[in-house]
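Asks: Only the shape, not the letters, is given here:
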């Protein structure tokens, strides 16, 4: 683990994993709180590493201290919850691969259902010499035998971090003359989008796609990001073209389908919008790579289909999709409002 000022969450993380591992290695990059004291309670091996605006450098230093046959990495605000604890125990007892990917639950709805989900490389055979690359959004390049496990890691952040840190690191690297890898290009563009710099993000995304060296899910994500940038810049035709471009890289993804449906909905082209929302639900059951938003597989297309069919005058179908949306998100205010709306509409027809 690499940490800095994580006393509020570190104990929670270590509680969830301490009985599953043989050693805990903690690399501190400059804490001024009681992070080290918390780590000491778990007999962690604590090392100092001066922060140098490079997450891979810090993580690789931590990896270099490991002595077991396998190593696992976590962030301080990660936690292994519920049945995933036992699932992880079984995987760690017999990894049976050089590298193990695990689900990563990044955000949750009010009911605690995971919403933003990805898979991350988590467990590694030490003898393979794996190392992280990338100063920001660091990752280990997949190689060797790979296993996909089912023990999810939950990201339970308590407080927002520095929203500008990653963008500043990327900008510093650019000023130093660094040539970005495809992954760095993609994540730099994401940071620009997150900061509302849509015009600046678009050429970065275009260069990323033109060079053709990106991972397929990142190519699809770049098309999605470009579509959103154009939509924010009130260029809906360009947004649509960018979203359709994603089909060059794979089958329609639920989030892409919902974005296209939204553009048609804005144009009041309800049959076309409904087509794409239906497709989002259909494709939502297929395996995904990269990041995906669970609500784009179920709740969002269902509630938008409710709107589409209502606008097309098919009240019974609209009400059915509202009920479907409610099955995905219990107690949802929009579903309750629509239910009342349909009841009042039915009463007026009597």
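Replies: Yep, it's here. Please read all numbers here as calculations on a predicted model, not as lab measurements. Residues are numbered from 1 along each chain as shown.

Asks: got the phi/psi numbers for the residue nearest the centre of the chain?
Replies: Nearest to the mean C-alpha position of the chain, by Cα atoms, centre = their mean, lies residue 291 at 4.3 Å. Here is the backbone geometry of residue 291 (degrees, to the nearest 10): phi -90, psi 140.

Asks: so what's it closest to, chain neighbours aside?
Replies: Leaving aside its sequence neighbours, residue 291 sits nearest to residue 118 (Cβ to Cβ, 6 or more residues apart in numbering; 4.6 Å). (Glycine included, C-beta is placed from N, CA and C.)

Asks: Pretty sure that neighbour sits against residue 221.
Replies: No - checked against Cβ atoms under 8 Å, the pair residue 118 and residue 221 is beyond contact range at 10.7 Å.

Asks: gap between the biggest strand by length in the chain and the chain center?
Replies: Ordering each strand of the chain by length in residues (DSSP state E) puts strand 114-125 first. Offset of strand 114-125 from its chain centre (Cα atoms, centre = their mean, to the nearest Å): 9 Å.

Asks: buried sites along that strand?
Replies: By 16 or more other Cβ atoms under 10 Å, the buried positions in strand 114-125 come out as 114, 115, 117, 118, 119, 121, 122, 123, 124, 125.

Asks: so what strands line up beside that strand?
Replies: strand 70-72 (antiparallel), strand 99-108 (antiparallel), strand 292-293 (antiparallel) (DSSP bridges).

Asks: Looking at those, spot the one closest to residue 252.
Replies: Nearest to residue 252, of all the strands paired with strand 114-125, is strand 292-293, at 12.6 Å by Cβ to Cβ.

Asks: All the helices of the stretch 1-150 of the chain, residue numbers only.
Replies: For the stretch 1-150 of the chain, applying DSSP state H, counting those that start in this stretch gives helices covering 7-17, 35-40, 55-64, 83-93.

Asks: Tell me which of those helices sits nearest to residue 175.
Replies: Per Cβ to Cβ, nearest to residue 175 of the helices of the stretch 1-150 of the chain: helix 55-64, 18.5 Å.

Asks: re the thing from before, distance check, the residue nearest to the centre of the chain against residue 53.
Replies: To residue 53, residue 291 is 24 Å away according to Cβ to Cβ, to the nearest Å.

Asks: Skip the chain neighbours and tell me the closest residue to residue 45.
Replies: In space, and not counting its chain neighbours, residue 45 is closest to residue 25: 5.1 Å by Cβ to Cβ, 6+ apart.

Asks: Would you mind confirming that the one you found is in contact with residue 60?
Replies: No - here residue 25 lies out of contact with residue 60, judged by Cβ under 8 Å, at a distance of 12.0 Å.

Asks: From residue 200, how far off is the residue nearest to the centre of the chain?
Replies: As for residue 291, its distance to residue 200 is 22 Å (criterion: Cβ to Cβ).

Asks: Repeat that for residue 121.
Replies: As defined by Cβ to Cβ, residue 121 lies at a distance of 30 Å from residue 200.

Asks: follow-up on the earlier one: residues in contact with the residue nearest to the centre of the chain?
Replies: The neighbours of residue 291, taking Cβ atoms under 8 Å, 6 or more residues apart in numbering as the test, are 106, 116, 117, 118, 217, 221.

Asks: pLDDT at it, what is it?
Replies: Residue 291 carries a pLDDT score of 88 in this model.

Asks: Okay, it and residue 169: tell me how far apart.
Replies: 20 Å.

Asks: Sweet, I'm off.
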